[in-house]
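> Could you look at this predicted model? Sequence included:
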Amino acid sequence: MTYVRAVDPFPLESADHTKLHEFYARLARGVLATTRCTACGTRAWPPRGFCGECASDRLEWVDLPGDGVVHAFTVQETGLPSGFEGPRVFAIVKVDGLRVFTVLTGVDPAKVEIGQRVRLAPLRVADDPKGNPRWLPAFAAA
């Protein structure tokens with residue numbers, strides 16, 4: 001049996017693989033964005049390739065505010081993926097009515113609170129196989 005390994009662990013960030021790469025391109029510029037259906041007006045999080053309400057694939061990109069509020073969170077102290085230092089605070093942040101699963105950076109886990117204001121602070125992670133920078137949505141205390 002022959003095994004094939006994926007070369008790119010994050011293909012959604014590549015314009016070669018998906019139209020959702022625009023999310024990461026905007027995030028690299030410090031802008032959080034999502035998709036909105038031009039047929040019915042539904043916004044989705046995370047961004048989608050088609051509308052979950054009406055099944056249309058006519059979507060447009062819309063920018064979201066750069067600030068939000070902590071809706072829920074948890075702290076992970078062990079078992080973190082390689083390259084991530086602990087403890088890590090994972091959170092659901094409400095941004096303009098949408099719930100964004102993200103990480104909080106530069107925060108003291110003991111001081112994070114529900115209702116706390118946070119601001120977008122994209123997190124640079126390992127470069128792609130072509131050497132292009134990669135970003136993940138992250139938030140820091142406002």
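Sure thing, it's come through.

> Tell me the spacing between the closest residue to L104 other than its chain neighbours and G106.
Counting by Cβ to Cβ, 6 or more residues apart in numbering, the nearest residue to L104 once its immediate chain neighbours are dropped is V89, at 4.1 Å. In this view, the C-beta of every residue, glycine as well, is placed from N, C-alpha and C. Plainly put, V89 is 10 Å away from G106 if you go by Cβ to Cβ, to the nearest Å.

> Any stretches of this structure with poor pLDDT?
Along the chain, the parts satisfying pLDDT under 70 run over 1-18.

> Which residue ranges of it form helices?
21-28 (DSSP state H).

> Report the contact partners of C37.
Counting by Cβ atoms under 8 Å, 6 or more residues apart in numbering, C37 touches R43, A44, C51, E53, C54, S56, R58, L59.

> tell me which residues form a beta bridge with it?
Beta-bridge partners for C37, by DSSP bridges, are L59.

> Any chance you could list what contacts the lengthiest strand in the chain?
Determined from DSSP state E, the single longest strand within the chain is strand 67-76. Here strand 67-76 makes contact (Cβ under 8 Å, 6+ apart) with 86-96, 99-100, 104, 109, 112-120, 139, 142.

> show me what contacts R43?
T34, T35, R36, C37, V62, L98.

> list the contacts for the closest residue to P65 other than its chain neighbours?
Spatially, and ignoring its direct neighbours in sequence, P65 is nearest to D96 (5.3 Å; Cβ to Cβ, 6+ apart). Applying Cβ under 8 Å, 6+ apart to D96 gives the contacts L64, P65, G68.

> how about JSON lines for the contacts of C37, with distance to W135 added?
Listed next are those as JSON lines, based on distance: Cβ to Cβ, whole Å:
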{"residue": "R43", "distance to W135": "21"}
{"residue": "A44", "distance to W135": "20"}
{"residue": "C51", "distance to W135": "25"}
{"residue": "E53", "distance to W135": "28"}
{"residue": "C54", "distance to W135": "30"}
{"residue": "S56", "distance to W135": "28"}
{"residue": "R58", "distance to W135": "27"}
{"residue": "L59", "distance to W135": "21"}
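
> Alright, I will stop here.
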